[in-house]
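Novice: sequence and predicted model, in that order:
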Amino acid sequence: MLRFKSLFVCLGIRRESMLKASASLDLAFKGFGALVLTHRDASVDDVGLNYLSAHDIRALNSSIPADVGLVVLQTCNRVEIYFRGDQDSVLDRLRHSLASVGKNVDGSRWRVLCGREVVTHLFRVAAGLESLSVGENEILGQVRDAYTQWRRKRRVDQHLSALFEKALHVGKRVRSETSISKGKTGVYSLAVAYASQRVDLHSSSIAVIGAGDVGSKIVKMLHDLGVRDVTIINRTVSTARRLAEKYNYEYNALSFDSLSGYDVVFSAINYPSKKRAAGARIVVDLSVPPVFVGENVVYLEELREIAERNAESKKEEVRRAEGIIREEEEALARRIQQLLADMYISRIMNRIEGIRGKEVKRAVNMLEHRGVQRDTSLPILDALTRSIINKTFYRVLEDIRILTYQGDMDHVEYLLSLFGEDSGKPSP
């Protein structure tokens with residue numbers, strides 16, 4: 001015990017200063033990386049061109065080593081790949097994998113995020129601050145779905161799990177403690193607002209193509225506004241019928257030839273080829289990638305003006321949300337440092353326990369040869385050695401924990417080396 005005490009004196013470490021030291025966010029978040037392309041980096045059309053198909057996702061998943069944490073988040077205005085591992089190695093593999101499916105990362109506006117940048121960005125995404133429509137609620141569910149999907153693929157390690165769990169918590173907290181999501185939010189509300197500024201929806205015939213999440217929300221919003229002449233069009237007729245019956249609207253099977261009879265067309269589908277709706281006055285295409293072409297077509301990109309006005313009115317709520325994000329970044333850093341400390345201590349104790357177990361067994365055998373029954377000696381020696389281990393190493397292990405919280409990895413590395421361990425660099 002004196003040896004370890006003198007060791008810490010030589011290192012110049014004082015327990016009091018360690019307890020007061022703030023968590024090192026940069027070190028805690030080392031190993032997190034992301035490759036992102038959003039509506040802030042490129043046009044929505046360009047984002048759509050980089051959208052990853054199911055085949056692309058499978059290729060990406062198989063190209064990245066199994067020990068690398070991985071989550072892909074895609075929405076109508078973002079493609080984001082989160083990972084945890086060696087930055088250079090993983091990024092090289094991602095670039096190669098994306099290039100193999102026709103995505104040129106180096107020649108486009110993809111951004112590379114590292115460490116704390118990743119955490120801040122994902123928290124802002126979950127809070128709705130990075131959405132085209134600031135404060136939208138849909139993104140939180142999309143983050144949850146992406147996290148769940150990749151966890152089922154067994155690609156989410158402890159640290160990436162902590163990151164996404166905290167992001168979901170941030171999204172909920174921001175929406176409960178601020179008014180950022182009050183009112184009409186989401187791209188569907190931008191679409192309806194845009195159309196209503198150009199035509200009288202109540203006297204127009206309207207087609208909604210797609211009965212999925214976005215299409216359903218457009219239908220509900222039109223119903224809430226009292227719009228009566230709405231037809232829901234979908235490839236699966238039964239899905240269109242169920243949604244139509246809910247709001248007492250008409251429904252039809254998907255046929256692009258029939259669209260000329262409508263004043264306004266909202267589109268939220270995935271379709272392999274480009275189409276026209278020449279007879280419609282306005283086509284608001286929320287599809288990713290866009291389906292319609294023509295002078296009467298409005299894309300997500302053109303809804304920015306409405307989105308920017310909405311964002312301007314929420315400046316104070318954004319400021320409050322950013323304060324919450326900073327608080328939760330520090331909380332996540334503490335959580336990750338706890339995970340690291342637990343891992344280091346567990347590895348040391350496993351090594352010590354292995355030695356203790358062998359020595360107890362040897363001592364029991366020796367005593368048994370001297371006539372001491374195993375049932376008598378084993379409980380005594382087991383309890384004695386456990387007590388010695390706990391009392392001898394408690395201070396050392398506690399200092400490793402505190403040093404990890406402080407972010408003093410040089411000293412952590414040194415102490416681990418005394419036990420024949422290392423911190424697992426380069427990805428802590």
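Specialist: Nice, I can see it.
Novice: pLDDT on stretch 212-231, on average?
Specialist: Here stretch 212-231 scores 94 as its mean pLDDT.
Novice: show me what counts as buried in that stretch.
Specialist: Val214, Gly215, Ser216, Lys217, Ile218, Val219, Met221, Leu222, Val227, Asp229, Val230, Thr231 (16 or more other CB atoms under 10 Å). (C-beta placed from N, C-alpha, C; glycine too.)
Novice: quick one, strands of the stretch 151-300 of the chain?
Specialist: 206-209, 230-234, 250-253, 264-267, 282-285, 297-299 (DSSP state E, counting those that start in this stretch).
Novice: can you redo those strands as JSON lines with distance to Leu113?
Specialist: JSON lines is the format used below for the strands of the stretch 151-300 of the chain (distance: least, CB to CB, whole Å):
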{"stretch": "strand 206-209", "distance to Leu113": "35"}
{"stretch": "strand 230-234", "distance to Leu113": "37"}
{"stretch": "strand 250-253", "distance to Leu113": "43"}
{"stretch": "strand 264-267", "distance to Leu113": "32"}
{"stretch": "strand 282-285", "distance to Leu113": "29"}
{"stretch": "strand 297-299", "distance to Leu113": "26"}
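Novice: closest to Ala383 out of these?
Specialist: Evaluated over those, closeness to Ala383 peaks at strand 230-234, with 70.0 Å, by CB to CB.
Novice: so which of the strands of the stretch 151-300 of the chain gets nearest Ser133?
Specialist: The nearest among the strands of the stretch 151-300 of the chain, by CB to CB, is strand 282-285 at 13.8 Å.
Novice: show me what the closest one is packed up against.
Specialist: helix 187-198, strand 264-267, strand 297-299 (3 or more CB pairs under 8 Å, 6 or more residues apart in numbering; DSSP states H and E).
Novice: for this structure, which spans come out with low pLDDT?
Specialist: 1-24, 107-108, 184, 422-428 (pLDDT under 70).
Novice: tell me which residue is most central in it.
Specialist: Closest residue to the average C-alpha location of the chain: Phe164 at 4.7 Å, with CA atoms, centre = their mean.
Novice: need the contact list for that residue.
Specialist: Val71, Leu122, Val143, Tyr147, Val156 (CB atoms under 8 Å, 6 or more residues apart in numbering).
Novice: got it, and Ser205?
Specialist: Asp229, Thr231, Gly261, Tyr262, Asp263, Val264.
Novice: of the strands of the stretch 151-300 of the chain, which is nearest Gln337?
Specialist: Judging those by CB to CB, what sits closest to Gln337 is strand 297-299, at 44.6 Å.
Novice: which residues are contacting that closest one?
Specialist: Contacts for strand 297-299 (CB under 8 Å, 6+ apart): Val44, Asp45, Tyr194, Ala277, Ile282, Val283, Val284, Asp285, Pro290.
Novice: rewinding a little: highest average neighbour count across the helices and strands packed on strand 282-285?
Specialist: Each of the helices and strands packed on strand 282-285 was scored by mean neighbour count; the highest is strand 264-267, a mean of 27, by mean count of other CB atoms under 10 Å.
Novice: strand partners of that strand, parallel vs antiparallel please.
Specialist: The pairing partners recorded for strand 264-267 under DSSP bridges are strand 206-209 (parallel), strand 282-285 (parallel).
Novice: returning to what we had before: out of the contacts of Phe164, who has the most neighbours?
Specialist: Leu122 (28 neighbours; other CB atoms under 10 Å).
Novice: just the CA coordinates of the helix or strand that contains Asp88, formatted as PDB?
Specialist: Assigned by DSSP states H and E, Asp88 belongs to helix 87-100. What follows is helix 87-100, C-alpha atoms only, in PDB (Å, rounded to 0.1, in the frame of the first residue of the first chain):
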ATOM      1  CA  GLN A  87     -11.100   7.700 -37.800                       C
ATOM      2  CA  ASP A  88      -8.700   7.300 -40.700                       C
ATOM      3  CA  SER A  89      -9.300   3.600 -41.200                       C
ATOM      4  CA  VAL A  90     -13.100   3.800 -41.000                       C
ATOM      5  CA  LEU A  91     -13.300   6.800 -43.200                       C
ATOM      6  CA  ASP A  92     -11.200   5.200 -45.900                       C
ATOM      7  CA  ARG A  93     -13.500   2.100 -45.800                       C
ATOM      8  CA  LEU A  94     -16.600   4.300 -46.000                       C
ATOM      9  CA  ARG A  95     -15.200   6.300 -49.000                       C
ATOM     10  CA  HIS A  96     -14.400   3.100 -50.800                       C
ATOM     11  CA  SER A  97     -17.700   1.500 -50.000                       C
ATOM     12  CA  LEU A  98     -19.700   4.500 -51.000                       C
ATOM     13  CA  ALA A  99     -17.700   4.900 -54.200                       C
ATOM     14  CA  SER A 100     -18.500   1.300 -55.100                       C
END
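Novice: tell me which strands the helix or strand just after it pairs with, and in which orientation.
Specialist: Next along the chain after helix 87-100, taking DSSP H and E as the criterion, comes strand 111-114. Paired with strand 111-114 in the same sheet, following DSSP bridges, are strand 32-38 (antiparallel).
Novice: show me the contacts for the nearest residue to Val90 once chain neighbours are set aside.
Specialist: Ranked by CB to CB, 6 or more residues apart in numbering and with sequence neighbours excluded, the top spatial neighbour of Val90 is Phe83, at 5.1 Å. Phe83 is in contact with Phe32, Gly33, Ala34, Ile64, Val68, Gly69, Leu70, Val71, Val90, Leu94, Leu160, counting by CB under 8 Å, 6+ apart.
Novice: check contacts around the residue nearest to the third one when sequence neighbours are not counted.
Specialist: When you say that, I think you mean Ala34. Here the nearest residue to Ala34 in space, its sequence neighbours aside, is Leu113; by CB to CB, 6+ apart that works out to 4.2 Å. Leu113 sits next to Gly33, Ala34, Leu35, Val36, His121 when contact means CB under 8 Å, 6+ apart.
Novice: how far away is Leu113 from Phe29?
Specialist: Applying CB to CB, to the nearest Å, the value for Leu113 to Phe29 is 10 Å.
Novice: and if you look at Arg242?
Specialist: From Arg242 to Phe29 the distance is 45 Å (CB to CB).
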